[in-house]
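> sequence below, structure please.
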Amino acid sequence: MPTTRRQAAIHEGRIKKEDPHPVKKRASHKKAKSEDHGKAEPPAKGKKPASKAATAKKRSAEEAEIEEKPHRKRAPSKAKSPSKRVRVSEDEGSEGQQSLYQSGTIERGHIYFFYRPKVEVEDVESIDEVKNLHMLLIPRPPEFLSASEGDDKGSKTDPSKTEEAEMTLLTRGADAVPAAPVTRNTSKQHYRMITIGKKKLPDPEAKGRHEVFWGTVTSIGDDLLGLVEGLGPKTYETKTRGTRHDGAARLLARGGYAIVNTEARVPSKRETHLGYHISHPSPSEMGDVQASLGVYSSSSFVIQVKNPRAPATVPSMRHIKEAEYSEEIMKKVFGAGTKGRESFGLRFASVETPELLEHPNAQLLFIAAREGSQGLETSLGEGRGEALERAEDQEASRRIEDVFKELGLDTDIFLPDALEGKWA
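Residues are numbered from 1 along each chain as shown. The predicted model follows:
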């Protein structure tokens, strides 16, 4: 993990790492020779100086000899060692293709959980009356970058930083702490909505094998207005049942998250962990709503991305439209034609780069990992879980009205009861 702002800037790729051993330019062979010939050697003691004609004749012969000699080729410079500023794996496949794998914290931000009632249900009283569970991710830059630059331009950061600011020592786990939510009057924020398949998150404390649930990236955008409209109430007509009504989604939890890739010696040991800590509601206000839907104060999952060319493993998902990745991702991430037993490559892969999550219909596998503060720290590692928990505990002092304003939600339409642990 980077320990200074300068190292963090190098890690983000915003500035180039300086070469500690600059190569000095060598004087050309011809210039060196000409300089040597330009110097007159003093005559040896007791010997007569050669005549001007003899000296000129000797010099012409030497110059002719130099021109006839082939120029020596320079020895090729040693290849530079892989740069650590991007922290992208240099592993190569059978076709010599560089991997896209990024280790460490690849993303952090704010996380929100919503549930939507079933059709024609006004007041939800249990999970049986829940239609969908949604996980909303809003990526943000690291808090230490926005604090030094004044984050009032969204998630983009200013690459021009002073040497003194860049070298400021970072606290342990700082790369997992997101910048504060955008509070200015704008809806321009990048977001990603993931719909959880079984209406609840996998339970890390479940006995036996770890629970495995599916999730699908159902919405991606850069304007929260479209998101809010999609979460709002809907009225539509059907041929068989006439007018139907869907109630607005309910916000049941809000917090911070981080996505971290482990550093592994071999690709088969790579894992992607998504961990979160909830700021609202507080642990004492967690109710039956959160418990029923599998949302804890702190928790983490191992997440994998399904290869869209691999056949569906669940019958109900055979007719679902798959994500469309570039050929570069298909080859470098899933190893099409080079990895696995099938021509399409691996069936599943870790989230080697956030780009894998930026495609509608991307299918994700959520594997329950660990619950609680200690579990969060174990999953994220290097102090990230502890740093994320401290940051979100400070956020817990914010009013519920302010939380709704972060997303532009109207409390008259989006009921706040669930954020207090009550079904609504």
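> and S268, how close does it get to T238?
Per C-beta to C-beta, to the nearest Å, S268 is found 49 Å from T238. Every residue, glycine included, has its C-beta placed from N, CA and C.
> same question but for E401, I mixed them up
37 Å.
> next one: V314
27 Å.
> partner strands of the helix or strand harbouring T235, parallel or antiparallel?
Per DSSP states H and E, T235 falls inside strand 234-238. Take DSSP bridges as the rule and strand 234-238 pairs in its sheet with strand 242-246 (antiparallel).
> in the protein, which spans are helices?
5-12, 29-38, 52-68, 143-149, 163-166, 224-231, 288-293, 327-332, 372-380, 384-395, 400-407 (DSSP state H).
> name the helices or strands packed onto the lengthiest strand in the chain?
Assignment by DSSP state E gives strand 104-117 as the longest strand of the chain. Under the contact criterion of 3 or more C-beta pairs under 8 Å, 6 or more residues apart in numbering; DSSP states H and E, strand 104-117 touches strand 130-139, strand 250-261, helix 288-293.
> if we use 7 Å, what do you get?
Here strand 104-117 touches strand 130-139, strand 250-261, going by 3 or more C-beta pairs under 7 Å, 6 or more residues apart in numbering; DSSP states H and E.
> what's the angle from it to helix 400-407?
110 degrees (axes from the mean of the first three to the mean of the last three C-alpha atoms, to 10 degrees).
> distance from strand 104-117 to the middle of the chain?
Averaging C-alpha positions (C-alpha atoms, centre = their mean, to the nearest Å) puts strand 104-117 13 Å from its chain's average.
> correct me if wrong: F114 contacts L231.
Yes. F114 is within contact range of L231, at 6.4 Å (criterion: C-beta atoms under 7 Å).
> quick check: neighbours shared by these two?
Common contacts of F114 and L231, defined by C-beta atoms under 7 Å, 6 or more residues apart in numbering, comprise A249.
> sketch out the low-pLDDT regions of the stretch 101-250 of the chain for me.
147-168, 184, 207-209 (pLDDT under 70).
> switch to 90 and redo it
101, 122, 144-171, 182-187, 197-198, 202-212, 236-242 (pLDDT under 90).
> end to end on stretch 397-416, go ahead and measure it.
16 Å (C-alpha to C-alpha, to the nearest Å).
> buried ones in that stretch?
R398, V403, F404, K405, E406, L407, L409, F414, L415, P416 (16 or more other C-beta atoms under 10 Å).
> hmm, who's touching it?
By C-beta under 7 Å, 6+ apart, stretch 397-416 touches 112, 181, 187, 224, 228, 232-233, 248-251, 254, 280, 419, 424.
> let's see that with 8 Å instead.
With contacts defined as C-beta atoms under 8 Å, 6 or more residues apart in numbering, stretch 397-416 is touched by 110, 112, 136, 181-183, 187, 224-225, 227-228, 231-233, 248-251, 254, 279-280, 419-420, 424.
> swap in stretch 373-387?
1, 105, 171-177, 204, 258, 260, 262, 273, 275-277, 298-300, 369-370, 388-389.
> buried residues, the strand holding T235. List them.
Result for strand 234-238 [16+ other C-beta under 10 Å]: no buried residues.
> could I get that strand in PDB with only the CA atoms?
Extracted C-alpha coordinates of strand 234-238, given in PDB (Å, rounded to 0.1, in the frame of the first residue of the first chain):
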ATOM      1  CA  LYS A 234     -44.200   3.000 -11.100                       C
ATOM      2  CA  THR A 235     -47.700   2.600 -12.600                       C
ATOM      3  CA  TYR A 236     -48.200   0.500 -15.700                       C
ATOM      4  CA  GLU A 237     -50.800  -1.400 -17.700                       C
ATOM      5  CA  THR A 238     -51.000  -5.100 -18.400                       C
END
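> so how far is that strand off the chain centroid?
Per C-alpha atoms, centre = their mean, the centroid offset for strand 234-238 relative to its chain is 38 Å.
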